[in-house]
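S.K.: Attaching a predicted model along with its sequence, questions to come.
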Amino acid sequence: QASPPQVTIAALKDEIAVMPSLQRPKKITFVGSDGALYPFLAKPKDDLRKDYRLMDFAGVLNSLFSREPASRRRNLRIRTYAVLPLTEDCGILQ
C-alpha cells in the first residue's frame, strides 16, 4: 500500500491578520503543494513549550479514551493542535 504524497509549503498568502489579544499573535496561511490552505498562528512573546507538553499529554489521554468501551461510546476525545516552539519566547500553532 502506497503512502500518501508528502505535502510541502508551496507559498505563503500575502494577507496576515493581527489578532486583537494581549500578545497580538499573527494569523498566517501557508499554501500546500496539494493546493490546500494551512492556517497557523504565530505567537511572539509566549513560551509554547508548555503548550507542546500539554498536547503530548492530551494525546496520551486520547489513546487511553480509545481503549475504554464507555469512552468510545461517548466519543470522548480532547481536541489537540500542532505546536511548534521556535525559540524560548515564540512559536507557531496549527
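M.R.: Arrived safely, thanks for sending.

S.K.: Could you report the distance from residue 71 to residue 63?
M.R.: Computed with CB to CB, to the nearest Å, the distance linking residue 71 and residue 63 is 11 Å. Where C-beta positions appear, they are placed from N, C-alpha and C, glycine not excepted.

S.K.: Other residues contacting stretch 13-28?
M.R.: Outside stretch 13-28, the residues that touch it by CB atoms under 8 Å, 6 or more residues apart in numbering are 12, 29-31, 37, 39-46, 92.

S.K.: So which of these wins on neighbours?
M.R.: residue 43 (23 neighbours; other CB atoms under 10 Å).

S.K.: Mind checking what secondary structure that one has?
M.R.: strand (DSSP: H, G, I helix; E, B strand; the rest coil).

S.K.: who's in contact with residue 66?
M.R.: Applying CB under 8 Å, 6+ apart to residue 66 gives the contacts residue 72.

S.K.: can you pull out the strands in the protein?
M.R.: Under the criterion DSSP state E, the chain contains strands at 9-12, 17-18, 26-32, 37-44, 83-87, 90-93.

S.K.: Just want the angle from the fourth one to strand 83-87.
M.R.: An angle of 40 degrees separates the directions of strand 37-44 and strand 83-87 when computed by axes from the mean of the first three to the mean of the last three CA atoms, to 10 degrees.

S.K.: who's more crowded, residue 71 and residue 63?
M.R.: Neighbour count, other CB under 10 Å: between residue 71 and residue 63, residue 71 has more, with 15 against 9.

S.K.: Excluding chain neighbours, give the residue nearest to that one in space.
M.R.: residue 65 (4.1 Å; CB to CB, 6 or more residues apart in numbering).
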